[in-house]
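> whatever this is, show me its structure:
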Amino acid sequence: MDLRHSRAAAAYTQVAVTSRSPLELVVMLYDGAIASLSRAREAIVARDLVAKRDRLAHALAILDHLQSTLDMTSGGEIAANLDRLYAYATVQIMESSRTLDPAGLDEAIRILSGLREAWSQIAAAPQPEGAGAALP
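The predicted structure follows:
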């Protein structure tokens, strides 16, 4: 990709992010994590350890962000459950990275895909005024 295309892609991404609701941004984060895990899975199968490292680092950074922004005080049981799911997915990812077995990535993708679908449905529903303050 040349510099002009790279700048165009960056501008498109900036517009896509700034024009989304907070709920839609959460869905975009899940999309990014799932895509990175899928590419990491392909890299493991191909034994491309550099691509595996880079894609897993990206997915783990997204998971870390999702986990670190949980409101454990206001979020109650939902936030606690999400925290446990993110921690479990992280362990699965780390184990796949260590063993070069994509099974843990498949499990993490399954979990994140389910969460992504739930957030997508929430984002598509009409939101009351002031909703979304306790995201993700």
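> state the helix or strand in which the closest residue in space to Tyr30 that isn't next to it in sequence lies.
Leaving aside its chain neighbours, Tyr30 sits nearest to Arg116 (3.6 Å; criterion: CB to CB, 6 or more residues apart in numbering). Just so you know, the C-beta spots here come from the backbone N, C-alpha and C atoms, and that holds for glycine as well. Assigned by DSSP states H and E, Arg116 belongs to helix 103-124.
> same for that helix, what does it pack against?
helix 22-46, helix 76-99 (3 or more CB pairs under 8 Å, 6 or more residues apart in numbering; DSSP states H and E).
> deepest-packed of those helices, please.
helix 22-46 (a mean of 19; mean count of other CB atoms under 10 Å).
> returning to that earlier point: quick check: the residue nearest to Tyr30 touching Leu23?
No: applying CB atoms under 8 Å as the test, Arg116 and Leu23 come out as separate, 11.7 Å apart.
> what about Leu53, neighbour count?
Careful, residue 53 is Arg and not Leu. Using other CB atoms under 10 Å, the number of residues around Arg53 comes to 13.
> before we move on, what about Val50?
Count around Val50 with other CB under 10 Å applied: 8.
> and it, what's its pLDDT?
For Val50, the model assigns a pLDDT of 98.
> how about the secondary structure of it?
With DSSP: H, G, I helix; E, B strand; the rest coil as the basis, Val50 sits in helix.
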